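Chemist: sequence plus predicted model, see below.
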Amino acid sequence: MQLIKINKERYRRHLNYVIVACVAALLIGSLGISQTLIALFPDESGSHFHWNLTGVIVTSLIIGLMLNKYKSHNFMTEVAYVWELKKALNRINRRMLKLKAAAQEGDIDAMLAINYSYAGSRLLWQLDDNTIIMDQLDVDQAALDSLVVKYNLTLSLYLFAFSSLIRPKSSLFALSSRISSL
């Protein structure tokens, strides 16, 4: 997955629309479904918790299916891209300690993954106006850059591929084959 420039205003506007639509759909759908179930199947004791829960679960599933169906729509381009980027960065960050250890030993694949994680995190944090820990990211990037100089390497975001993290018979990176489908 390549990092691309995102129009921040369009992304924020579309994300806000998606959030508001999901909240409204959850509110209306869960109330509508639960009230219909309560009207059809009233409980003698007056407790309708299970019907309310059923309404929330069914509406949540419908919202999830709708988001999945329309994630390739033009309106959802930036929102879906950021969701996928967050999933990709999460996969890398769960293995960051092992990646950093491998990078200390000169593993270029680990350095590429770390570099991608830092660049992706920087992009996400700027999109979400979350610049509080940007200084720490700069410190970590400087440490990675010193490793690159130490091992006389060149890193490019275009060279990174999730498939490079998959190594047969390697206990260091026990990743599933699904990662390469990104």
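Modeler: Structure's in. What do you need?
Chemist: what ranges does the protein have for its helices?
Modeler: Taking DSSP state H as the criterion, the chain contains helices spanning 8-40, 49-70, 77-93, 96-104, 108-127, 134-150.
Chemist: could you give the angle of the shortest one to helix 134-150?
Modeler: This points to helix 96-104. For helix 96-104 against helix 134-150, the angle by axes from the mean of the first three to the mean of the last three Cα atoms, to 10 degrees is 30 degrees.
Chemist: got it, and the first one?
Modeler: Helix 8-40 and helix 134-150 are oriented at 120 degrees to each other (the same axes, to 10 degrees).
Chemist: list the buried residues of helix 8-40.
Modeler: Within helix 8-40, the residues that count as buried by 16 or more other Cβ atoms under 10 Å are Tyr11, Arg12, His14, Leu15, Val18, Cys22, Leu26, Gly29, Ser30, Ile33, Ser34, Leu37. In this view, the C-beta of every residue, glycine as well, is placed from N, C-alpha and C.
Chemist: can you count the residues close to the nearest residue in space to the third one that is not next to it in sequence?
Modeler: Same thing as His14. Excluding the flanking residues, the one nearest His14 by Cβ to Cβ, 6 or more residues apart in numbering is Val79, at 5.3 Å. By the criterion of other Cβ atoms under 10 Å, Val79 has 22 neighbours.
Chemist: packed most tightly, which of the helices of the chain would that be?
Modeler: Most buried of these, by mean neighbour count (mean count of other Cβ atoms under 10 Å): helix 108-127, with a mean of 20.
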